[in-house]
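> build me a model:
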Amino acid sequence: MKVITQWISNLPLELIFWIGSLVAVALLDPQSGSHLSLCPLSQLGFDWCPGCGLGRSMSLLARGEFQASWDMHPLALLAYVVIISRIWQLIKNLKTTHNYG
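The predicted structure follows:
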């Protein structure tokens, strides 16, 4: 248990955040009417935001509902590409820094 705890504590916080966000998006119910919004524009009272619907669209994409995902927000696939490439970069950096200092 101590080895696992030490291994997890050596992981970058950003890597844990991005992997956790992908898990959260996969578990998100895109059909639910009410949801917690962390959008600053929504908190300020604006009705329109360029990112609104992106999380639900990514969730639909993860479930294989491609047309519904595209209709909700067309940039969901791009968001996946960006997040997965960042995770890949962080893992690659983690491997090189642990091996070579």
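
> all contacts plus neighbour counts: C-alpha atoms, from now on.
Will do.

> pull the longest helix from the chain.
Secondary structure of the chain per DSSP state H: the longest helix is helix 76-100.

> list the buried residues for that helix?
Using 16 or more other C-alpha atoms under 10 Å as the test for burial, helix 76-100 gives A76, L77, I83, I87, L90.

> what about A62, how many neighbours?
18 (other C-alpha atoms under 10 Å).

> so who does it touch?
With contacts defined as C-alpha atoms under 8 Å, 6 or more residues apart in numbering, A62 is in contact with A26.

> that one and F46, how far apart?
Using C-alpha to C-alpha, to the nearest Å, A62 is found at 28 Å from F46.

> likewise for D71?
The gap separating D71 from F46 is 21 Å, by C-alpha to C-alpha.

> again, but for I8
39 Å.

> ok, now V23?
28 Å.

> all the helices of this protein, in order from the start?
With DSSP H as the definition, the chain shows helices at residue ranges 2-9, 13-27, 40-43, 54-62, 66-72, 76-100.

> tabulate these (a markdown table), appending mean pLDDT.
Converted to a markdown table, the helices of the chain look like this (pLDDT from 0 to 100):
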| stretch | mean pLDDT |
| --- | --- |
| helix 2-9 | 74 |
| helix 13-27 | 90 |
| helix 40-43 | 78 |
| helix 54-62 | 90 |
| helix 66-72 | 93 |
| helix 76-100 | 86 |
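
> contacting residues for W70?
S57, A76.

> repeat for L15
I87, L90, I91 are the contacts of L15 under C-alpha under 8 Å, 6+ apart.

> need the residues you listed in TSV (columns: distance to L38).
Listed next are the contacts of L15 as TSV, based on distance: C-alpha to C-alpha, whole Å:
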residue	distance to L38
I87	22
L90	25
I91	27
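
> between those residues, which is nearest G55?
Among the contacts of L15, I87 lies closest to G55 (C-alpha to C-alpha), at 17.6 Å.

> just to check, that closest one is in contact with F17?
No - taking contacts as C-alpha atoms under 8 Å, I87 lies outside contact range of F17: 9.7 Å.

> skipping its backbone neighbours, what lies nearest A26 in space?
Residue nearest to A26 in three dimensions, not counting chain neighbours: S59, with 5.4 Å by C-alpha to C-alpha, 6 or more residues apart in numbering.
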